[in-house]
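Model the structure of this input:
(one chain, ligands or ions: 1)
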Amino acid sequence: MKYDLKNLTLEEKINLLTGKYSKEDWILEDCNGKLPSVSVADGPHGLRDYHKPDECLSMPSAVVLANTWNTELAYLFGNTIADDYIEHDVQINLAPAINIKRTPLCGRNFEYYSEDPFLAGHIAKNYILGFQDQGIGTSLKHFCLNNNEYERNYQSSEVDERTIREIYLPAFEIALQAKPWTVMCAYNLINGIYASEHKKLMKDVLRDEFGFDGVLVSDWHAVCDRARSLKVKLDLEMPYSPTAYDEIMSAYKSGYITIEEIDESAGRMLELIEKTQCEKKVKYSKEQRLENARKIAREGIVLLKNEDNILPLKGGKIMLAGAMARYPIYSGGGSAGSFYKTSPSDRDRLFTEIQQRLSEEGTVYYGGDGAWTDNIRNYTSHSKVVYKNAYSADTVVLFVGDGMEDERENADRTKIKLHVQQEKMILETAKVNKNVVVVVNAGSAIDMSAWIDKVKGVVFMGYLGQTTKEALADILTGMESPSGKLSETFPLCLEDTPSGKNFGNGSVNRYEEGIFMGYRHYDEKELDVLYPFGHGLSYAKFEYSDLKVEKTGKTDYKVTYKIKNVSDVDAKEISQVYVRDVFSNVSRPQKELKGFNKTFIKAGEEKEIETNLNFRSFAFYSVALNKWHIENGDFEILVGASSRDIRLMEKIKIELPWEEQFSLEDGKYITI
Ligand code: GLC
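This next block holds a predicted model:
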């Protein structure tokens with residue numbers, strides 16, 4: 001270790017445990033130059049350099065990355081934006097944010113990954129690896145159970161142990177395999193105790209059980225009692241707190257905090273500072289970064305509906321309308337927001353991008369703003385302009401969605417329907433033209449029930465960052481087949497969601513649905529949904545066959561299956577592997593995601609795909625035994641194109657001696 005605690009006074013060690021006093025909120029203590037200065041910054045989709053906002057790449061939002069289901073792209077995502085951090089001399093990125101999407105109303109869903117912890121964890125794990133392989137640290141956040149923004153600083157998430165273990169911790173477990181340099185604790189309380197001082201979750205689980213040995217940092221101003229938080233190994237309070245030093249010093253003098261505890265946290269801070277001093281080298285040119293962003297954006301676009309193969313656009317008179325055709329929303333709002341803006345000269349680039357790809361085949365023109373004018377939502381309806389222009393078009397593409405005011409940090413949505421003028425624009429246009437495609441520019445599920453049957457095509461674009469227009473043009477014109485799939489269920493209406501409109505009462509938010517959230521909920525209640533978890537269409541067509549399940553260990557199985565591309569379009573397919581416990585002595589979901597693959601398959605080609613299952617693929621968390629537990633019996637291995645489009649199924653029987661049906665006796669942690 002280059003930096004040694006022995007060279008620091010007690011005062012310097014205590015100063016290390018909160019941010020540096022400065023006009024910025026982003027600097028760690030350097031003990032008056034004894035240590036290197038370390039900077040941290042948001043955010044998940046690209047560096048937010050307040051001083052040079054235009055210099056940093058605005059990547060697609062996390063929702064888009066998750067909708068790619070592509071762990072290689074997750075790695076590329078982190079690897080790419082790390083270059084901006086290197087160039088701007090920022091050593092730690094305050095990301096990824098991986099809270100589970102419990103409700104589509106959550107304002108920050110655009111910056112989270114999924115309703116399923118297995119998918120969220122694997123995307124986050126590779127994002128972290130991509131970042132840290134470039135020598136830039138990350139901060140896995142927000143630990144934990146911060147699943148909406150309402151009263152986030154004061155409300156207690158009231159959740160039973162099994163639900164915490166099976167739904168809200170596994171994404172962190174998986175992501176921790178990438179060894180993030182830091183983990184950020186959440187603002188909220190969990191079962192009545194603030195996350196920042198939650199001994200069971202922060203010390204017993206995160207550190208002792210999951211083995212996290214990096215720096216635990218608070219969310220900004222999330223610490224309530226600095227001594228109690230230090231006691232549970234929260235190493236760093238951010239940003240600088242004027243009372244932190246005195247709180248720790250008096251706790252030390254009273255004997256509540258020992259010198260060993262101060263040294264342990266200060267020691268982790270020195271290790272972190274040392275990590276930040278590693279050799280760094282910019283890897284990608286600015287052009288390459290943009291190309292990487294566009295690749296991710298393309299693969300995260302989800303084709304939800306394509307009646308009569310209205311897409312890809314083929315030619316003729318193509319009218320684009322809606323404010324977001326000119327002024328797309330690049331990201332949601334808050335600390336994950338993008339600074340990127342449409343310049344007036346750039347506003348028609350989507351049209352030129354599409355026109356170029358269609359060349360003489362088509363004529364692309366703008367049909368009006370719909371509900372918004374010049375990117376300012378004034379709600380004086382302009383849909384009359386739109387549907388008058390739509391009458392003579394061969395195909396109409398309407399752009400609708402939520403803005404940064406709707407989907408952002410510190411606020412939740414109040415509805416999941418589109419704004420009424422946008423719905424009106426769709427309905428009126430569909431009356432005069434039967435060939436309507438709707439492109440949804442939002443960060444989370446949208447209730448489309450009012451208009452879905454009136455249009456032929458629906459594309460969910462999420463927030464695509466600064467390569468929005470190129471990526472959209474590539475997909476809408478068939479330069480590339482869409483290959484994204486939903487990482488969050490789109491329900492028929494808000495009332496069908498597990499928590500409905502309930503955000504709790506400001507002091508307690510009860511997770512009454514337990515483990516039955518997301519697709520687990522809709523399966524359990526046998527509810528129809530608008531579009532299921534894992535759904536997404538392609539311009540190609542895939543057939544699944546030859547599922548084989550081979551036992552390779554006590555509870556290890558190799559799953560192989562084949563997918564054939566029976567179309568004339570090269571494309572990628574996301575296949576999903578679910579596990580079902582046929583009979584159990586506890587309630588269990590109908591199926592749970594335990595594997596997924598994204599595979600490029602040329603037209604006419606067939607590929608064999610492999611996924612491996614392990615103990616945790618079959619186990620539930622037994623609160624009776626405080627262990628992961630596999631009950632002997634029949635299990636079904638389900639392979640599907642979505643959670644509701646199961647193509648193949650095989651049964652296996654697990655028969656273990658009693659003592660082997662539980663996680664290892666010595667309490668050794670079993671990776672998921
Ligand atoms: C915010 C967010 C957190 C962010 C931090 C610094 O409140 O909750 O995600 O990294 O503060 O901006």
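
Please identify which helix or strand holds the residue nearest the centre of the chain.
Nearest to the mean C-alpha position of the chain, by Cα atoms, centre = their mean, lies Tyr113 at 1.6 Å. Using DSSP states H and E, Tyr113 is not contained in any helix or strand.

go on, the one 10 residues further on?
Taking DSSP H and E as the criterion, the element that holds Ile123 is helix 117-132.

next one: Asp546
strand 542-551.

Work out the sheet partners of that strand and label each with its direction, please.
Note on strand 542-551: by DSSP bridges, its sheet partners are strand 557-565 (antiparallel).

What are the buried residues along the partner strand?
557, 559, 561, 563-565 (16 or more other Cβ atoms under 10 Å). No exception for glycine: its C-beta is placed from N, CA and C like everyone else's.

And stretch 585-593, by the same measure?
Those would be 588-593, for stretch 585-593 by 16+ other Cβ under 10 Å.

Pick out the residue in the stretch 301-450 of the chain sitting closest to the ligand.
Ser335 (3.8 Å; Cβ to the nearest ligand atom).

and the residue nearest to that residue when sequence neighbours are not counted, how many neighbours does it have?
Closest residue to Ser335 apart from its sequence neighbours, by Cβ to Cβ, 6 or more residues apart in numbering: Asp42 at 4.4 Å. By other Cβ atoms under 10 Å, 24 other residues sit near Asp42.

doesn't Tyr50 make contact with Asp42?
No - checked against Cβ atoms under 8 Å, the pair Asp42 and Tyr50 is beyond contact range at 9.9 Å.

The helix holding Ile123 - what's its average pLDDT?
Helix 117-132 shows an average pLDDT of 98 in the prediction.

from the middle of its chain, how far away would that helix be?
Relative to its parent chain, helix 117-132 has a centroid offset of 9 Å by Cα atoms, centre = their mean, to the nearest Å.

and if you look at stretch 79-94?
20 Å.

Just the buried residues of that stretch, please?
For stretch 79-94, by 16+ other Cβ under 10 Å, it's 79-87, 90-94.

Would you mind putting the CA coordinates of that stretch into CSV?
Provided in CSV are the C-alpha atoms of stretch 79-94 (Å, rounded to 0.1, in the frame of the first residue of the first chain):
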residue,chain,number,x,y,z
ASN,A,79,-15.8,0.9,-21.2
THR,A,80,-16.8,3.7,-23.5
ILE,A,81,-18.0,6.4,-21.1
ALA,A,82,-15.0,5.7,-18.9
ASP,A,83,-12.9,7.6,-21.5
ASP,A,84,-14.8,10.8,-20.7
TYR,A,85,-14.0,10.3,-17.0
ILE,A,86,-10.4,9.9,-17.8
GLU,A,87,-10.3,13.0,-20.0
HIS,A,88,-12.1,15.1,-17.4
ASP,A,89,-9.9,13.7,-14.5
VAL,A,90,-12.8,12.2,-12.6
GLN,A,91,-11.9,8.9,-10.9
ILE,A,92,-15.2,7.4,-9.8
ASN,A,93,-18.5,7.2,-11.5
LEU,A,94,-21.6,7.3,-9.2
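
Next one, pLDDT for the closest residue to the ligand within the stretch 1-150 of the chain please.
Closest approach between the stretch 1-150 of the chain and the ligand, counting by Cβ to the nearest ligand atom: Leu94, at 3.7 Å. Note on Leu94: pLDDT of 98.

May I ask you to confirm that it is in contact with Lys141?
Yes - counting by Cβ under 8 Å, Lys141 is a contact partner of Leu94 at 6.9 Å.

quick one: common contacting residues for those two?
Met184 (Cβ atoms under 8 Å, 6 or more residues apart in numbering).

coming back round to it: list the contacts for the residue nearest to Ser335?
48, 93-95, 335-336.

what's near enough to touch the nearest residue to Gly504 once chain neighbours are set aside?
Of all residues not flanking Gly504 in the chain, Gln155 sits nearest, at 5.4 Å (Cβ to Cβ, 6+ apart). Shown in contact with Gln155 (Cβ under 8 Å, 6+ apart): 188-189, 503-504, 506-509.

least trustworthy helix or strand in this protein by mean pLDDT?
Lowest on mean pLDDT, DSSP states H and E among the helices and strands of the chain sits helix 383-390, with a mean of 83.

what about Val639, neighbour count?
25.

oh, I was asking about Gln277
So Gln277, with other Cβ under 10 Å, has 14 neighbours.
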